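Student: need a structure here:
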Amino acid sequence: MIVRILLVIIGLIHLFGGLWMLADPMAWYGAVPGVALTGPANHHFISDIGLAFVASGAGLCCAAGSGLRNASLALAGSIWPVLHALLHVYGWFVRGAPSTPATAFTEIVGVVLIGALGFGLAWINARKEGVL
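Tutor: Coordinates of the predicted model:
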C-alpha cells in the first residue's frame, strides 16, 4: 500500500509540474534553477515537455488502484521521467556536474531521484500485481 501511495505522490508532482509548464511556460522557465542555463526559452518545447509530464503523472496516479491494468499504467507512466533522469546523468558525464548548488539540487532531487524512485516503485508494484 505504501508503494502505491508514494507512486500517487510522485505522479501528482509530475502532473502539477507538467500543468505549470503548460499554463505558464515562461514562469516555469524562470523559476526552475538551471533551466535558463540550457538556452533560450522555447514555448513550444516547454509545452511538449509539460505534456509528457502530465501523461506520466496521470499514469503514475493510476497506481492508486490495484490490479494489472493500474500497475501497467503506472509502470508506463514511470518511463518518461526515468529516461529524462538518465539524459541528465548523461549530460553530467558530457558537460560536467551542475554549475550551482540550486541547479544540482533541482537535477539530483527533482529529476534524477524522483524519476528513479518512480520507476523503481512502479517496477515493484508491477511485479506485485503480476505485470512482470
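Student: mind checking the SS state of residue 40?
Tutor: Counting by DSSP: H, G, I helix; E, B strand; the rest coil, the backbone at residue 40 sits in coil.
Student: and the strands in this protein?
Tutor: With DSSP state E as the definition, the chain shows no strands.
Student: the residue nearest in space to the middle of the chain and residue 51, how far apart?
Tutor: What sits nearest the mean C-alpha location of the chain, by CA atoms, centre = their mean, is residue 81, with 3.6 Å. Remark: distance between residue 81 and residue 51 (CB to CB, to the nearest Å) = 13 Å. C-beta: built from backbone N, CA, C; applies to glycine.
Student: residue 86 too?
Tutor: For residue 86, the distance to residue 51 - CB to CB - is 20 Å.
Student: equivalent analysis for residue 32, please.
Tutor: 17 Å.
Student: got a list of what residue 25 touches?
Tutor: Contact analysis of residue 25 by CB atoms under 8 Å, 6 or more residues apart in numbering lists 41, 43, 46, 47, 50.
Student: just the buried ones from those residues, in PyMOL syntax?
Tutor: Buried residues among the contacts of residue 25 (16 or more other CB atoms under 10 Å), as a PyMOL selection:
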select buried, resi 46+47+50
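Student: and the contacts of residue 25, which is closest to residue 15?
Tutor: residue 50 (10.2 Å; CB to CB).
Student: what's the burial count for the closest residue to that closest one other than its chain neighbours?
Tutor: The spatial neighbour of residue 50 that comes closest, neighbours along the chain excluded (CB to CB, 6 or more residues apart in numbering), is residue 21 at 3.0 Å. Neighbours of residue 21 under the rule other CB atoms under 10 Å: 24.
Student: wait, residue 21 touches residue 32, no?
Tutor: No. Using CB atoms under 8 Å as the test, residue 21 is too far from residue 32 to be in contact (9.4 Å).
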